[in-house]
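Undergrad: here are the coordinates; sequence isn't available:
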C-alpha cells in the first residue's frame, strides 16, 4: 500500500494482469449469459463500465464518511442508482438491446466485479485512482465479453456484429449460442490464455535461474583460476 | 479394473516402483483395446447390412479423425504419441456407430475431433477423462446439429409401419409400438450400430467372456431396467414394457460398450452395481417422462459424473483395520 503504482498501471492492470473475467473470474453470470453475440457482449460491458466508473468515483469521494458497518449497504444504494439510470436510458434509446439483455441489466447491481472494486479499491484510494481502476476493469471486462461474444456469434450464427462472415455452406453450431457453448468457449479461452502466460513465466524463471546459477559458479571458477 | 497398469517392460536391472495395488492383469491396455475393436466388428457389419455401404465411410471417418486428433494434440503438447494403444480407434468406432445413418461426414469428423480434444485430451488423455469421450462427442453433435442428428433413414428391408423414426420416437410421439422381432434382428430405424440386438450381443458376450468388460455393469443395467421400467409399466400400462426398454434404442449397445468403459466406470464391484442401477433409473425416467425419446447417452454421462464419488464411498476397508 505504501508504494504508489503509476497512474497508467492503475488503468492497465485491469486489461490483463487482473482481468476481471480471465484472472479474477468474477462477473461470470453476465459473462456466460449474454454473450450470444459480440454486440450483446459489448453493450453489457459498456453498461457495466458506466456503473462501475461512476460508483467508484462517488464511493471514493465519500469513502471516509461511510461507517464501515454499513459500507456494503451504502455501496449497493449507490450502485443501484447508476444501474437504474442505465436501465432507463437503454429502454428509452436502445429498446432492442434492452430486450436482448433482459434481466441482466438490473442484475448489474449485484455484479461482483463492481462490488469487488468498491470494496477492494475505491474504499481505500482517491477518486482519480478509483476512476482509472474502474475504467481499466471495465475495459478488461469489455475485451473478455466482446471476444467471447464474437467467437460464439461467428460459430453459432455465422455472423459478426450482425454481418455474415462465414459462407452459407457452414452449418452453424447451435450449441455455441446455447449456455453450454458459453461454458465451453470461456473454459477453452481461459485455458489457452493461461497456458500462454504459464509458458512465458516458466521461460522467464528459467532465464533468471540460469543467470543466478551462472554467476556464483563463474565467480568460483574465476577464483580458482586466479 | 485397477488391475490394468500401464508399465513399460523393465529393461535390464532397473528397479520398477509403482503405487499399490500391485495387481496384474492378464492383458495389457493395448490388448484390451484391440479386443474391444474386435467386439465392435459385428455392429459395423450390421450397420452396413441395414443402412448401406456409405455407413462404412462414416465409421472410417470417425476413426481417422479421432486417431488424427489424438496424434496431433499429443505431438503439439510434446507428449509421447500413444495412438497405437487403440483407445482413440475405439472412441472413433463408438462415435461412428452412434450417429444416425447417412450422417454428414463433416459433422462426423467434428464430433470425433470434439470427442478426443474436449472429451479426453483436455483432461490429460487416456485414464484421466471423467466422461466417456464418444458420448461427449455425441452430446456435442446433439446440441450443435439437433436436426441432422435426429434425421433417421429407413433400413433397407424395413416395413413401413416402423420406418418413420426410431422405435422409441414412434412410441413416444406417435404411440406406435414396434414388435420385438424387428428390434432383435435390427430391422428398425436408429443409430448405426445400435439397431441389431444380435450384433450387439455377439460383441458384448465376447467382451464379457474375455473379462474385458465387467459383467456387473451390464447385469446391473439390465436388472435396473427390469425393476424400474417394469415398476412404472405395472403402475401405468401405457408406459413401455421392460422388454421393449431392453431392446429398443441404444440400451444394449450402451450397456455393453459405453457403460463398461474402464476409465469412466467405478472400480469396485459394489460401485459397478450402483453405477449400472443409476444409469437405468435415469434412463427409464428420461424415456418415460422426459422430452426426448432416448436417454441412454445422457444417463451414462450423468452417472459418469458420480463415478469418483462412488469409488470413494465403496472403497474396501483395508484388511486388519478396525471395525467401522
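TA: Noted; the coordinates are in hand. Since we're looking at a predicted model, the values are computed, not measured.
Undergrad: longest single helix anywhere in chain A?
TA: Counting by DSSP state H, the longest helix found in chain A is helix A:179-225.
Undergrad: quick one: average confidence on it?
TA: For helix A:179-225, mean pLDDT rounds to 80.
Undergrad: what does chain A have sitting close to chain B?
TA: A:171, A:173, A:174, A:175, A:176, A:178, A:180, A:184, A:191 (CB under 8 Å from any CB of the partner chain). From N, CA and C alone the C-beta is placed, and that goes for glycine too.
Undergrad: so where's chain A uncertain?
TA: Counting by pLDDT under 70, the ranges of chain A that qualify are A:1-3, A:214-226.
Undergrad: now residue B:263: how far from chain A?
TA: Taking CB to the nearest CB, to the nearest Å as the measure, residue B:263 falls 21 Å from chain A.
Undergrad: spell out which residues of the stretch 51-200 of chain B are next to chain A.
TA: Counting by CB under 8 Å from any CB, the stretch 51-200 of chain B sits next to chain A at B:104, B:106, B:107, B:118, B:122, B:140, B:143, B:144, B:145, B:146, B:148.
Undergrad: wouldn't residue A:98 be in contact with residue A:89 here?
TA: No - counting by CB atoms under 8 Å, residue A:89 is not a contact partner of residue A:98; they are 9.1 Å apart.
Undergrad: okay, those two: which has more neighbours?
TA: Neighbour count, other CB atoms under 10 Å in any protein chain shown: between residue A:98 and residue A:89, residue A:98 has more, with 19 against 13.
Undergrad: wait, what's in contact with the more buried one?
TA: A:87, A:90, A:91, A:105 (CB atoms under 8 Å, 6 or more residues apart in numbering or on different chains).
Undergrad: report the separation between it and residue A:12.
TA: 32 Å (CB to CB, to the nearest Å).
Undergrad: what do you get for residue A:95?
TA: Residue A:95 is 36 Å from residue A:12, by CB to CB.
Undergrad: ok, now residue B:315?
TA: 50 Å.
Undergrad: and the two? which has more neighbours close in?
TA: Taking neighbours as other CB under 10 Å, residue B:315 and residue A:12 compare with residue A:12 leading, 17 against 12.
Undergrad: which strand or helix spans the nearest residue to that one once chain neighbours are set aside?
TA: Spatially, and ignoring its direct neighbours in sequence, residue A:12 is nearest to residue A:136 (6.2 Å; CB to CB, 6 or more residues apart in numbering or on different chains). Take DSSP states H and E as the rule and residue A:136 turns out to sit in helix A:127-157.
Undergrad: most centrally placed residue in chain B?
TA: Nearest to the mean C-alpha position of chain B, by CA atoms, centre = their mean, lies residue B:258 at 1.7 Å.
Undergrad: I figured it hits residue B:133, correct?
TA: No - the pair residue B:258 / residue B:133 is not scored as a contact, 10.4 Å apart, by CB under 8 Å.
Undergrad: before we move on, back to that, list the helices and strands the longest helix of chain A packs on?
TA: The contact analysis (3 or more CB pairs under 8 Å, 6 or more residues apart in numbering or on different chains; DSSP states H and E) places helix A:179-225 against helix A:28-33, helix A:127-157.
Undergrad: include mean neighbour count and distance to residue B:214 when you put these into CSV, please.
TA: Below are the helices and strands packed on helix A:179-225 laid out as CSV (neighbours: other CB atoms under 10 Å in any protein chain shown; distance: least, CB to CB, whole Å):
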stretch, mean neighbour count, distance to residue B:214
helix A:28-33, 18, 38
helix A:127-157, 22, 39
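Undergrad: nearest to residue B:245 among the ones you listed would be which one?
TA: helix A:127-157 (35.5 Å; CB to CB).
Undergrad: and the closest one, how far from the chain's centre?
TA: Counting by CA atoms, centre = their mean, to the nearest Å, helix A:127-157 is centred 5 Å from the centre of its parent chain.
Undergrad: now do it and helix A:179-225, the angle between them.
TA: Between helix A:127-157 and helix A:179-225, the angle comes out at 120 degrees (axes from the mean of the first three to the mean of the last three CA atoms, to 10 degrees).
Undergrad: restricted to buried residues, select the contacts of residue A:98 in PyMOL.
TA: Filtering the contacts of residue A:98 down to the buried ones (16 or more other CB atoms under 10 Å in any protein chain shown) takes a single PyMOL command:
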select buried, chain A and resi 87+90+105
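Undergrad: farthest-apart pair in the contacts of residue A:98, please.
TA: So, the contacts of residue A:98 by CB to CB: farthest apart are A:91 and A:105, at 8.6 Å.
Undergrad: low-confidence ranges in chain B?
TA: In chain B, residues with pLDDT under 70: B:1-25, B:156-165, B:174-176, B:321-324.
Undergrad: so where do the strands sit in chain B?
TA: Counting by DSSP state E, chain B forms no strands at all.
Undergrad: right, and residue B:71 touches residue B:83 too?
TA: Yes - counting by CB under 8 Å, residue B:71 touches residue B:83, with 4.9 Å between them.
Undergrad: any idea how far residue B:32 is from residue B:88?
TA: The value you get for residue B:32 to residue B:88, if CB to CB is used, is 14 Å.
Undergrad: which of those two has more residues huddled nearby?
TA: residue B:88 (30 against 24).
Undergrad: ok, now how distant is that one from residue B:77?
TA: For residue B:88, the distance to residue B:77 - CB to CB - is 15 Å.
Undergrad: do the same with residue A:47
TA: 40 Å.
Undergrad: same deal with residue B:285?
TA: 40 Å.
Undergrad: distance between stretch B:55-62 and the chain's centre?
TA: 17 Å.
Undergrad: next: stretch B:291-307.
TA: 11 Å.
Undergrad: just the terminal-to-terminal distance for it.
TA: Start-to-end span of stretch B:291-307 (CA to CA, to the nearest Å) is 26 Å.
Undergrad: residue B:258 and chain A: what is the separation?
TA: 20 Å.
Undergrad: do residue B:181 as well
TA: 37 Å.
Undergrad: please apply the same query to residue B:127.
TA: From residue B:127 to chain A the distance is 20 Å (CB to the nearest CB).
Undergrad: can you show me the helices along the stretch 201-324 of chain B?
TA: For the stretch 201-324 of chain B, the helices defined by DSSP state H, counting those that start in this stretch cover B:216-224, B:230-235, B:242-247, B:251-253, B:269-289, B:296-304, B:307-313.
Undergrad: before we move on, what about the stretch 51-200 of chain B?
TA: Using DSSP H, counting those that start in this stretch, helices in the stretch 51-200 of chain B cover B:54-76, B:87-97, B:105-117, B:133-144, B:167-174, B:180-185, B:197-210.
Undergrad: out of these, deepest packed?
TA: Mean neighbours per residue, mean count of other CB atoms under 10 Å in any protein chain shown, is largest over those for helix B:87-97, with a mean of 28.
Undergrad: bridged to residue A:163, which residues?
TA: Beta bridges link residue A:163 to residue A:160 when assigned by DSSP bridges.
Undergrad: could you report the neighbour count for it?
TA: 7.
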